[in-house]
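Visitor: Coordinates for the following, if possible.
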Amino acid sequence: MSKIKRRLMTLLITLGIIVAVLFGIGYLVLHSPSFGALPSGARLERIQHSPNYRDGRFQNRYPMPQAMQTSSMGDRIKILWKFLFDRPDDIRPVDSIPVVRHDLKKLDRSEDLIVWFGHSGYLLQMDGVRYLIDPVFVEGAPFGISNAFFKGTQVFDVADLPEIDYLVISHDHWDHLDYHVAKELQSRVRKVYTGLGVGAHLERWGYRPDQIVELDWGESTPTAEGGRVHCLPTQHFSGRGLTHAQSLWASFVLQGPKHSVYVGGDGGFGPHYAEIGKQFPQLDLAILENGQYNKENWSGIHMLPEHLGETMQALGAKRFLTVHHAKFALAMHPWKEPLQNAKRLRDEKGFPILMPRLGDIVHYTDSTFTTDDWWEKLN
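Guide: Residues are numbered from 1 along each chain as shown. Coordinates of the predicted model:
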């Protein structure tokens, strides 16, 4: 064998080994516990009977914009490349985000209040019941370079929480379902309310089947305290690995004997908001996504600024809180922009929007809550 052939053979073998190692690493990563599990058995059979599951995946109720339907893997790689290596400086603050610290274990559970932890995580007390929604306290999921918290916001932990009755998970994306937090909460919550299929992740992480209540859009279930949890549609998607739309993304109305709160999760604008407003005309608080939007590529699955006021009008809640911002950057807009948009709707259009700092205790049935425009003081 000539030297050229030997060198070529050595090169091919080396490349083969590198490719095999990379595939092996990828396989191990995608099958690690934090990626959860896909539905199977009786859970999958139930999913397959859902009217929202067609052609082997869950489907949004309303069509997506054409740009989203035709986007290719190349388009997605370009977006990721730009986000990682060519992003504007103002998508993250230079200064620390101000956070208000309280001893949450001393909260009086008879008080109707909400404590926002940043992004889409918050503690909600309503009619004597405590709900914890989409808590994310560990940064860098699924990889160390992703979901890096803004300076100053990594101050909350599971250990800070009071006794929790119910955990509510809107969908299985990493910025809403935190593997480490979910594991820690298993022994501390009575039940988890979530969309169809998400329970597969939770069971892999140690939750008992009797702890998990999975709902389809339009279904509801009673709570032990005389309330109800209503599962409602939203325009989004799901998935923690390479397989998407195998679990259901959802919004919820948490209804107690006296009060009700809309938990919007993630989702783009659509006719479903008017339908929800008609079905639940006495919402005390509506919590809406506002941030991490991209008009070019995500207009159908995230709330755009121009639709936020229209959504509030359709829901007709007594008060609003906007979330999905102020903790990490997942899009290219300036980090302050969602807060500035909400302030504009509050000041110019008169929408009753609560704009607390992270950690503020907000009594959402009390119209006297005010705060300064804390974000404007920061760089």
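
Visitor: For the closest residue in space to residue 253 that isn't next to it in sequence, which residues are in contact?
Guide: Excluding the flanking residues, the one nearest residue 253 by C-beta to C-beta, 6 or more residues apart in numbering is residue 230, at 4.2 Å. Quick note: C-beta positions are derived from backbone N, CA and C, even for glycine. Shown in contact with residue 230 (C-beta atoms under 8 Å, 6 or more residues apart in numbering): 219, 220, 252, 253, 254, 255, 280.

Visitor: From those residues, list the buried ones, please.
Guide: 219, 252, 253, 254, 255, 280 (16 or more other C-beta atoms under 10 Å).

Visitor: could the residues you listed go into JSON lines alongside secondary structure, distance to residue 370 and pLDDT?
Guide: Listed next are these as JSON lines, based on DSSP: H, G, I helix; E, B strand; the rest coil; distance: C-beta to C-beta, whole Å; pLDDT from 0 to 100:
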{"residue": "219", "secondary structure": "coil", "distance to residue 370": "38", "pLDDT": "99"}
{"residue": "252", "secondary structure": "strand", "distance to residue 370": "28", "pLDDT": "99"}
{"residue": "253", "secondary structure": "strand", "distance to residue 370": "27", "pLDDT": "99"}
{"residue": "254", "secondary structure": "strand", "distance to residue 370": "25", "pLDDT": "99"}
{"residue": "255", "secondary structure": "strand", "distance to residue 370": "28", "pLDDT": "99"}
{"residue": "280", "secondary structure": "coil", "distance to residue 370": "27", "pLDDT": "99"}
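
Visitor: Now tabulate the residues you listed in JSON lines and tack on distance to residue 331.
Guide: Below are the buried ones among the contacts of residue 230 laid out as JSON lines (distance: C-beta to C-beta, whole Å):
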{"residue": "219", "distance to residue 331": "32"}
{"residue": "252", "distance to residue 331": "24"}
{"residue": "253", "distance to residue 331": "27"}
{"residue": "254", "distance to residue 331": "28"}
{"residue": "255", "distance to residue 331": "32"}
{"residue": "280", "distance to residue 331": "29"}
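
Visitor: Can you tell me which of those residues comes closest to residue 91?
Guide: residue 252 (29.4 Å; C-beta to C-beta).

Visitor: What residues are bridge-paired with the closest one?
Guide: Beta bridges link residue 252 to residue 231, residue 263, judged by DSSP bridges.

Visitor: Would you pull up how far stretch 358-374 lies from the middle of the chain?
Guide: 22 Å (C-alpha atoms, centre = their mean, to the nearest Å).

Visitor: For that stretch, give me every contacting residue.
Guide: By C-beta under 8 Å, 6+ apart, stretch 358-374 touches 97-102, 107, 111-118, 153, 155-156, 259, 261, 284-285, 318-319, 321, 326-327, 339, 343, 352, 354-357.

Visitor: Quick check, residue 117 in contact with residue 132.
Guide: No. With contact defined as C-beta atoms under 8 Å, residue 117 does not count as touching residue 132 (9.4 Å).

Visitor: anything in contact with each of those two?
Guide: Joint contacts of residue 117 and residue 132 (C-beta under 8 Å, 6+ apart) are residue 123.

Visitor: ok, now which ones touch the residue nearest to residue 255 when sequence neighbours are not counted?
Guide: Computed as C-beta to C-beta, 6+ apart, the closest residue to residue 255 that is not its neighbour in sequence is residue 228, at 4.6 Å. Counting by C-beta under 8 Å, 6+ apart, residue 228 makes contact with 220, 221, 222, 255.
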